[in-house]
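Trainee: Sequence plus predicted model, see below.
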Amino acid sequence: MHILLLGSGGREHALAWKIAASPLVTKFWCAPGNAGIAREAECVALDVADHAAVIDFCKKNAVELVVVGPETPLAAGIVDDLTAAGIKAFGPSKVAAQLESSKGFTKALCTEFGIPTGAYKRFTNADAARAYVQSQGAPIVVKADGLAAGKGVVVAKTVREAEDAIAMMFEGAFGEAGAEVVIEEFLPGREISFFALCDGETAIPLASAQDHKRVFDHDVGPNTGGMGAYSPTPLVTPAIHDAIMAKIILPTVAGMKQRGTPFRGVLYAGIMLTTQGPKLFEFNVRFGDPECQVLMLRMMSDIVPALLAACDGELKHFDLRWHKESALTVVMAAKGYPGDYQKGTRIGGLEEAAKVETVEIFHAGTVAKDGAILANGGRVLNVCALGATVTEAQARAYQAVDRIDWPDGFCRRDIGWQAVEAEKAKN
């Protein structure tokens, strides 16, 4: 098969690594890709936002499957345009992608189909939003309705913090994304990521994972796109797994089909494990980043038939197999992230780091220049490892991190701490 992958981050490098391993692949491109992806696929300088250019490339190169990595092209309807041009694409339609591109859309779906989630209200006016916060008190969650690269959510501990977030969003901090604001109940509990592959009718669960959103150790500092992840998480017991499928994933897939907007692709549910059971706090419509990295390490099955089955409505005949080992990834970011950071700093020691047993290093924001690897983003590297336990995977990942020579980078040193504590308690 001829396959084109769209995107340039750590998630896409992990997908590229897994797709490239499939015996079904004869030609494989990635647009635009990065320095790490270039080892797995031929990187092409296509503008992913230029749908006509992507379609033209697919036609000229007889591309049989396009895999869309990030959310922005999905929200812009790239899958619809590719499908209309007769090209098979993995990912949801523009309408179905609203599960991520509009917080209000998802909340309304939850209300309509009885999917457990926090109480909420939608606002297009700052004064009304402020009055609601004052009546509800804190803690409370303020969200920009649209896509804000993982940064449009403020968990406000005080009413004042919530008011500041409302002001910031309505004053245009997130552009169009903040034209409407959703304010919802704060859900106390433990947060997990749950993924399911969907074909419009059937959903099959992927392995469980947990990411670490805060920038610094002990879960302090501002929210980020994710500073590390591990899989599986001990928080998802068989009973919780079944409850998430029965109460959240399957009703969502059935509801979207009933509305005439079937969901195909990866459904990524951000779930809070509350005392009343699992509750949804957000949907994403693509693989998580960095959760995708640990899922790809653990996936034993060939991913390409699974992607095709999701496109073709054939998941009911499908089963995915997983390695028993645990996987863990540590994100190395440029100093200053998620605020201002410098690009173009030099990274050394990657070959030495990759020699650590079971380690894979996925590039998230890199560029190759004059034989050197340079940082080219906020989140720059994903240092991943497998182990018989999360503790072992964690030790290997940090052993590799310590071999990387990048004075301008930093990482958290406690990724996987919940699972490591649980494993210690067992022993």
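Mentor: On my side now, so go ahead. All of these numbers come straight from a predicted model, not from anything done at the bench. Numbering: from 1, shown residues only.

Trainee: Now do Asn125: how many residues are near it, please.
Mentor: Number of residues near Asn125 (other C-beta atoms under 10 Å) recorded here: 12. For glycine as for every other residue, the C-beta is placed from the backbone atoms N, C-alpha and C.

Trainee: How about Arg379?
Mentor: 24.

Trainee: Which residues does it form beta bridges with?
Mentor: Ala333 (DSSP bridges).

Trainee: dump the residue contacts of the closest residue to Pro205 other than its chain neighbours.
Mentor: Among residues not flanking Pro205 along the chain, Ala196 sits closest, at 5.2 Å (C-beta to C-beta, 6 or more residues apart in numbering). Ala196 is in contact with Ala203, Ile204, Pro205, Leu206, Met245, Ile249, Val253, Val266, Leu267, Ala269, counting by C-beta atoms under 8 Å, 6 or more residues apart in numbering.

Trainee: closest to Val380 among these?
Mentor: Val380 has its nearest neighbour among the contacts of Ala196 in Val266, at 23.9 Å by C-beta to C-beta.

Trainee: part of a strand, is that closest one?
Mentor: Yes. The assignment for Val266 is a strand, going by DSSP: H, G, I helix; E, B strand; the rest coil.

Trainee: need the contact list for the residue nearest the centre of the chain.
Mentor: When C-alpha atoms, centre = their mean is applied to the chain, the residue found nearest the centroid is Gly288 (1.6 Å). The contact partners of Gly288, by C-beta under 8 Å, 6+ apart, come to Arg11, Ser193, Phe195, Ala209, Asp211, Gly226, Ala229, Tyr268.

Trainee: Ala76 too?
Mentor: Ala49, His51, Lys94.

Trainee: try 7 Å
Mentor: By C-beta atoms under 7 Å, 6 or more residues apart in numbering, the residues touching Ala76 are Ala49.

Trainee: What distance do you get for it to Leu381?
Mentor: Counting by C-beta to C-beta, to the nearest Å, the separation of Ala76 from Leu381 is 28 Å.

Trainee: what's the answer for Asp81, then?
Mentor: 33 Å.

Trainee: Neighbour count: these two, which is higher?
Mentor: Leu381 (31 against 17).

Trainee: Just give the closest residue to the more buried one, not the sequence neighbours.
Mentor: Met332 (4.2 Å).

Trainee: same thing with Arg321?
Mentor: Met300 (4.2 Å).

Trainee: Which pLDDT value goes with the one you found?
Mentor: pLDDT for Met300: 97.

Trainee: Go ahead and confirm it touches Trp322.
Mentor: Yes. Met300 is within contact range of Trp322, at 5.8 Å (criterion: C-beta atoms under 7 Å).

Trainee: higher neighbour count, the two?
Mentor: Using other C-beta under 10 Å as the criterion, Met300 and Trp322 rank with Trp322 on top: 15 against 9.

Trainee: Mind listing the residues bridging to the more buried one?
Mentor: Counting by DSSP bridges, Trp322 forms beta bridges with Met299.

Trainee: ok, now Ser231?
Mentor: If you apply DSSP bridges, the partners that Ser231 bridges to are Ala327.

Trainee: For it, which residues are in contact?
Mentor: Ala207, Ser208, Ala209, Val294, Leu295, Arg298, Ser326, Ala327.

Trainee: hmm, 8 Å instead?
Mentor: Ala207, Ser208, Ala209, Gln210, Glu291, Val294, Leu295, Arg298, Ser326, Ala327.

Trainee: Ok, Asp405 next?
Mentor: Ile347, Gly348, Gly349.

Trainee: What residues are bridge-paired with it?
Mentor: Applying DSSP bridges, one finds that Asp405 bridges with Gly348.

Trainee: so what pLDDT did it get?
Mentor: 98.
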